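In: model this:
(4 chains)
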Protein chains: 2
Amino acid sequence: MNNTRFATALHILTLLAHKPEEWLSSDYIAGSICINPVMVRKELAVLNEAGLVISRKGKEGGSRLNRPGGEISLTDIYLAVKNSEVLGKKNRNTNPLCPVGRQINTRLDDLYTDTDRLITTYLERRTLSDFAGQFR
Amino acid sequence: MNNTRFATALHILTLLAHKPEEWLSSDYIAGSICINPVMVRKELAVLNEAGLVISRKGKEGGSRLNRPGGEISLTDIYLAVKNSEVLGKKNRNTNPLCPVGRQINTRLDDLYTDTDRLITTYLERRTLSDFAGQFR
DNA sequence: AATAATTGTAATAATATTTGTTACAATTAA
DNA sequence: TTAATTGTAACAAATATTATTACAATTATT
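Out: Below is the predicted model of the structure:
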């Protein structure tokens, strides 16, 4: 995760959580994060896909939460945006003739699975409402 | 961590742990990982800096562990190579006129610190010896 | 029906990060 | 003196991330 996707997604969802009845536009959201509205829409597409938000087109269009913030965990968000494991990537072509090279990716898999689970287990206990409730 | 640095560092150290008395060359190590020897030397420079290995130049030169593998935790390795937080980066210029934009990076700091600590606490219990002992 | 505001998304560009490579001075053992 | 090695700078190539432009499709309002 050497990117801003989790921060962006959580920012978006925090804004939506503060106004659960309203359809917020990508332009408005972008103005709070200070990024391009298209970036917001791209991330919203992912959150839609994950079932966390719904969007509607047209005038008076926008996005809002698809279920109460108390029923969205930070794990839901993390999994929606995650694109690498916590400890990073593995080297692809390690040497099969070396005992270490031959087995290391299997061992790393175990370790990476453990550390990833650590994070999701922790984030599972925290809801969007908890997070959004900290503001103002 | 969207890179291979942890995997590379752990691979290097596992090889060294298997032959604590020998001075392994970057060429030999590179051959096991199947990457360029210069990449190995660059990572070794970091591990030297962290006090985990020592290297010596010249013919018969190479690197070896600077202390027993049982006294090197995976946290030591992780901290040596880490260059981003587990949940990624924060957006830089969030809008100070918005309550969420104004405070989000502070809140994310708390969250990022928690998740990072989760990882380091877990890896602290695991030693290089444990890991290297899994091979062959 | 016309207009205005909005999403969705493709295409492209610009930046940043990561990985790989070449070259060579400095060091050291034999 | 020679051969093997580290350390590191400089550069190149490959990937990943972020930003931007453009516009069709959709929908509320007038």
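
In: how about the helices in chain A?
Out: Per DSSP state H, chain A carries helices over the ranges A:5-18, A:26-33, A:37-49, A:74-81, A:99-124, A:128-132.

In: save those helices as TSV, and put in distance to DNA strand C and mean neighbour count too.
Out: C-betas here are computed from N, CA, C, even on glycine. Listed next are the helices of chain A as TSV, based on distance: least, Cβ to the nearest atom of the strand, whole Å; neighbours: other Cβ atoms under 10 Å in any protein chain shown:
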stretch	distance to DNA strand C	mean neighbour count
helix A:5-18	11	24
helix A:26-33	4	20
helix A:37-49	4	17
helix A:74-81	15	21
helix A:99-124	13	17
helix A:128-132	19	19
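
In: for residue B:101, which of those helices is the nearest?
Out: Relative to residue B:101, the nearest member of those by Cβ to Cβ is helix A:26-33, separated by 4.4 Å.

In: list the contacts for residue A:76?
Out: Counting by Cβ atoms under 8 Å, 6 or more residues apart in numbering or on different chains, residue A:76 makes contact with A:50, A:52.

In: typo on my end, residue A:17
Out: A:65, A:69, A:128, A:129, A:132 are the contacts of residue A:17 under Cβ under 8 Å, 6+ apart.

In: likewise residue A:83?
Out: A:1, A:3, A:5, B:2.

In: is any residue of stretch A:18-37 near chain B?
Out: Yes - judged by Cβ under 8 Å from any Cβ of the partner chain, stretch A:18-37 comes into contact with chain B at A:18, A:31, A:32, A:33, A:34, A:35.

In: so how far is chain B from the residue lying farthest from the centre of chain A?
Out: Most distant residue from the mean C-alpha position of chain A: residue A:97, 39.3 Å away (Cα atoms, centre = their mean). Going from residue A:97 to chain B by Cβ to the nearest Cβ, to the nearest Å gives 9 Å.

In: over to residue A:57?
Out: As judged by Cβ to the nearest Cβ, residue A:57 and chain B stand 25 Å apart.

In: so how far is residue A:41 from that residue?
Out: With distances taken as Cβ to Cβ, to the nearest Å, residue A:57 is found 11 Å from residue A:41.

In: residue A:10 now?
Out: Separation of residue A:10 from residue A:41 (Cβ to Cβ) stands at 17 Å.

In: would you turn the contacts of residue A:83 into CSV with pLDDT?
Out: Listed next are these as CSV, based on pLDDT from 0 to 100:
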residue, pLDDT
A:1, 87
A:3, 98
A:5, 98
B:2, 92
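
In: out of the residues you listed, who has the most neighbours?
Out: Counting neighbours by other Cβ atoms under 10 Å in any protein chain shown, the top entry in the contacts of residue A:83 is residue A:1, with 23 neighbours.

In: now do the same contact list for that one.
Out: Per Cβ under 8 Å, 6+ apart, neighbours of residue A:1: A:82, A:83, A:84, A:86, B:1, B:2, B:84, B:85, B:86, B:87, B:88, B:89.

In: DNA strand D next: which of the residues you listed are close?
Out: A:83, A:84, B:2, B:89 (Cβ under 7 Å from any atom of the strand).

In: and the second one, what's its pLDDT?
Out: This means residue A:84. Here, the pLDDT recorded for residue A:84 equals 96.

In: residue in chain A nearest to DNA strand D?
Out: residue A:58 (2.1 Å; Cβ to the nearest atom of the strand).
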